[in-house]
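Colleague: Curious how this folds, go ahead:
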Amino acid sequence: MNCKEVQTLMIDYLDRTTDPATSGRMRQHLENCDQCKHEAEELQQLLTSMRDTVMETPPPALRESFDTMLQSELNMLTTANIIEEFRPAGTQPGKIVPISLSSPVWKVAAAVILVATGVVIGRNLPSGQQPIASANMDSLRSEIRSMRQEVMLNLIDDESASQRIKAVSYTEDISNPDQQVIDVLVHTLNNDKNVNVRLAALYSIARFADKRAVRDSLVSSLPTQTEPIIQVVLINLLAEKRDTRAIAPIRNIITNKKTLKEVKDAAQRSLQSF
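Modeller: I've put the predicted structure just below:
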């Protein structure tokens, strides 16, 4: 065996896990190679020292400190990601971009940090103070929802279609939107010049279609839609909710000569659901 082969198998040999034939060749090489023999002796001392070392269990305080440090890092990463989402087009990542302190971006980022920090503090409070911490957390979460709504309303008129889609996506975290948000989504569905933005708005509205007022808007919207994908999704949604007010506009779509065959077929199938 040469030195390279011996060094590759050194740990296995010292742990006595090599087969007898290999161990014999290893011993023969070590007897005739002072350099490998010296390395084997040093490695044996290291392995012996490691086996004799008592494993120390870290104290609970260390774990708490680590959790706090980890949460701090997550807060910074979350804030950086939020700010990055709103980076103006054409600017390079990592470049400092001035953002007004009144911007909703900072408000959302600050709210995220407050909630995350509140979680860490709440965990370390005495048990008697937990209800107060819980109430504060609920208040902070409500603040985040409010800030997300504000961001949505600020971005919905952006010139970039991707930014408008991003604005619509913020409603995914709003479980009970107010009428202003619903009106904005409906307006986007009916008027946005980009079909992908309108489709995103429709999918967002669909989450609230159990509300009568929302279905009123969807039924009114159906006759105005001319984009096939919007027509099909809207027809299927109203059929799923079994809103009979949609039957008349669906039949009008079927009889319209300009309607694509695929849309007519979907409309015909939907009528069977009522």
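Colleague: Return the distance of the closest residue to residue 197 other than its chain neighbours relative to residue 177.
Modeller: In space, residue 197 comes closest to residue 164 once its chain neighbours are excluded; the distance is 4.7 Å by CB to CB, 6 or more residues apart in numbering. C-betas here are computed from N, CA, C, even on glycine. When CB to CB, to the nearest Å is applied, the distance between residue 164 and residue 177 equals 17 Å.
Colleague: So for these two, which sits in the more crowded spot?
Modeller: Between residue 164 and residue 177, residue 164 has the larger neighbour count (other CB atoms under 10 Å), namely 24 against 21.
Colleague: Please identify the helix or strand for the more buried one.
Modeller: In this assignment (DSSP states H and E), residue 164 forms part of helix 161-169.
Colleague: Would you map the helices across the stretch 101-250 of the chain?
Modeller: Under the criterion DSSP state H, counting those that start in this stretch, helices of the stretch 101-250 of the chain are mapped to 104-124, 130-155, 161-169, 179-191, 195-206, 212-221, 228-240, 247-255.
Colleague: Lowest average pLDDT across those?
Modeller: Per-stretch mean pLDDT for the helices of the stretch 101-250 of the chain is lowest at helix 104-124 (a mean of 49).
Colleague: Show me which residues of stretch 230-241 are buried.
Modeller: When neighbours are counted by 16 or more other CB atoms under 10 Å, the buried residues of stretch 230-241 are found to be 230, 231, 232, 233, 234, 235, 236, 237, 238, 239, 241.
Colleague: hang on, the earlier thing: which neighbouring elements make contact with the helix holding residue 164?
Modeller: helix 130-155, helix 179-191, helix 195-206 (3 or more CB pairs under 8 Å, 6 or more residues apart in numbering; DSSP states H and E).
Colleague: Which positions within the second one qualify as buried?
Modeller: Think helix 179-191. Along helix 179-191, these residues count as buried under the neighbour rule (16+ other CB under 10 Å): 181, 182, 184, 185, 186, 188, 189, 190.
Colleague: Redo these as a markdown table? Include distance to residue 149.
Modeller: Output for these, formatted as a markdown table (distance: CB to CB, whole Å):
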| residue | distance to residue 149 |
| --- | --- |
| 181 | 6 |
| 182 | 11 |
| 184 | 10 |
| 185 | 12 |
| 186 | 16 |
| 188 | 14 |
| 189 | 18 |
| 190 | 20 |
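Colleague: from these, which is closest to residue 212?
Modeller: Lowest distance from residue 212 to the buried residues of helix 179-191 (CB to CB) belongs to residue 182, with 11.8 Å.
Colleague: Relative to residue 263, how far out is the closest one?
Modeller: Summarising the geometry, the distance separating residue 182 from residue 263, computed by CB to CB, is 26 Å.
Colleague: Repeat that for residue 25.
Modeller: Applying CB to CB, one obtains 78 Å for the distance of residue 25 from residue 263.
Colleague: Show me which of the two is the more surrounded one.
Modeller: Counting neighbours by other CB under 10 Å for residue 25 and for residue 263 shows that residue 263 has the greater number, 22 against 16.
Colleague: Quick check: the gap between the more buried one and residue 220.
Modeller: 19 Å.
Colleague: Same check on residue 6?
Modeller: Applying CB to CB, one obtains 83 Å for the distance of residue 6 from residue 220.
Colleague: the more surrounded of these two?
Modeller: The residue with more neighbours, out of residue 6 and residue 220 and counting by other CB under 10 Å, is residue 6; that gives 20 against 13.
Colleague: What residues sit buried inside the helix or strand the more buried one falls within?
Modeller: Assessed by DSSP H and E, residue 6 sits inside helix 3-8. Neighbour-count burial for helix 3-8, with 16+ other CB under 10 Å as criterion, is recorded at residue 6.
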